[in-house]
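**Student:** I would like to see how this sequence folds:
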Amino acid sequence: MPAENPRPRPEDAAENAARAEAAPGCACGHTDSAPACGSDGGVRTTTRRRALAGAGAAAGAAVLLAACGDGKDSATDAETIAEPLDLAGTDEVPEGGSVQKAKDGTTVLLAQPSKGEFKAFSTVCPHQGCTVNADGAQLTCPCHHSVFSIEDGSVQAGPAQKPLPEFTAQVKNGRIIVSS
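**Tutor:** Numbers count the residues shown, from 1 in each chain. Model (predicted):
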């Protein structure tokens, strides 16, 4: 007849606790450095297998996070302007500078690279779709620090690889009219 595997009994709890204090190991009294014996009162220690499994899970999570953004331009196409927009007076855009103007739910970057020359650009960064800001003589994306020229929207610095989409800017009666 095979030997039975004895289960811990509540009345043995005090004896098991005394054995655990007397010798290192699991709560049932084993004194070797092996992991817990599996009894309900056992103490579990970190094993090499558990450590490797945890490291594998961490590596897998890192791979998944890296896949979320590969650094390449992935923004959606810039908005289009359905109807021409009267956005600003020519005196509102400084020579050699830029401003941000909005009307009817559309925000546009207006620039005057040289006296009397006006440009209009989308505020959608071609890198990851963040909002580009007018920043004096340059246009900047606060998310990944791409910098664009006010002359043609070309990339001056940062991870963006495509220029800012440009709109048509016309001056009529001292006003800047922007269209797609």
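
**Student:** surely residue 101 and residue 108 touch.
**Tutor:** Yes. Applying CB atoms under 8 Å as the test, residue 101 and residue 108 come out as touching, 5.8 Å apart. For glycine as for every other residue, the C-beta is placed from the backbone atoms N, C-alpha and C.

**Student:** now the strand ranked longest in the chain: buried residues?
**Tutor:** Across the chain, the longest stretch assigned as strand under DSSP state E is strand 106-114. Across strand 106-114, burial judged by 16 or more other CB atoms under 10 Å covers 106, 108-113.

**Student:** how about stretch 146-161?
**Tutor:** 146-150, 153, 155, 158-160.

**Student:** domains of this structure?
**Tutor:** Following automatic domain parsing, one finds the domains of the chain at 10-68, 85-179.

**Student:** of those, which shows the lowest average pLDDT?
**Tutor:** Sorting the domains of the chain by mean pLDDT places domain 10-68 lowest, at a mean of 54.

**Student:** going along the chain, name the helices of this protein.
**Tutor:** 13-22, 48-68 (DSSP state H).

**Student:** one step back: need the buried residues of stretch 146-161 in a markdown table with distance to residue 177, can you?
**Tutor:** Listed next are the buried residues of stretch 146-161 as a markdown table, based on distance: CB to CB, whole Å:
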| residue | distance to residue 177 |
| --- | --- |
| 146 | 28 |
| 147 | 27 |
| 148 | 22 |
| 149 | 22 |
| 150 | 19 |
| 153 | 19 |
| 155 | 27 |
| 158 | 30 |
| 159 | 33 |
| 160 | 27 |
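
**Student:** with respect to residue 175, which of the residues you listed is nearest?
**Tutor:** Nearest to residue 175 among those is residue 150, at 19.4 Å by CB to CB.

**Student:** once you drop chain neighbours, what's closest to the closest one?
**Tutor:** residue 111 (3.7 Å; CB to CB, 6 or more residues apart in numbering).

**Student:** cool, thanks, signing off.
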